[in-house]
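In: Give me a 3D structure for the following:
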Amino acid sequence: MSDKQLTFRTEVSFLEIYNEKVGDLLRPPTSNKQQRRRPTLRVREHPKLGPCVQDLSKHVVTDFNGVQKLIERGIQNRSVAATRMHDHSSRSHAIFTINFIQARLDEDLPSEVVSKIHLVDLAGSERATVGMNTIRLKEGANINKSLVALGSVICALGTTLATSLLFLN
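Out: Numbers count the residues shown, from 1 in each chain. The predicted model follows:
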């Protein structure tokens, strides 16, 4: 097989889940007088690919520097706020995905092999305290709710009771 029949491509995407809404960290937020807002993306079930995020941007990278720049840009776009514990606390879960795609032409038939790596940063669990403002209280409740759902999924994966209904949470 010649090198012309084999190609490689690396694509990355970066999303956050903030207050149960999915946003693209590599797309600039729309400007708003009161706050920066990022369009909410929908999670869909693709018949062949499984769960995917509709309209999530994918960026082709050619080296580590390209990956690092996109990670840094996404981190700057994350939802953060000052809490009693940290001045710069992430208020969302984030998923950075790297897709490695190998395409080949074998006897005039095209084929692709795709490998994915998901790097996940989960927001820490939150404790409600007296005097906490309503925004931080809502964020904390959503963070805790999603961590409990994730724990249930992980437990179910270790048993024979794993059903698709569990994953809908």
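In: Show me which helix runs longest in the chain.
Out: Across the chain, the longest stretch assigned as helix under DSSP state H is helix 134-157.
In: Report the buried residues of that one.
Out: Taking 16 or more other CB atoms under 10 Å as the basis for neighbour counts, the residues of helix 134-157 that come out buried are 136, 139, 140, 142, 143, 144, 146, 147. Bear in mind the C-beta positions are built from the backbone N, C-alpha and C, glycine included.
In: Run through the neighbouring helices and strands of the helix or strand harbouring residue 70.
Out: Per DSSP states H and E: residue 70 is located in helix 64-76. In this structure, helix 64-76 makes packing contacts with strand 6-18, strand 59-61, strand 93-106, judged by 3 or more CB pairs under 8 Å, 6 or more residues apart in numbering; DSSP states H and E.
In: Using the neighbour-count criterion, name the buried positions in the first one.
Out: Using 16+ other CB under 10 Å as the burial criterion, the residues of strand 6-18 that qualify are 10, 11, 12, 13, 14, 15, 16, 17, 18.
In: quick one, what contacts the first one?
Out: It refers to residue 10. Applying CB atoms under 8 Å, 6 or more residues apart in numbering, one finds that residue 10 lies in contact with 60, 61, 62, 67, 98, 99, 100, 101.
In: Noted, bye for now.
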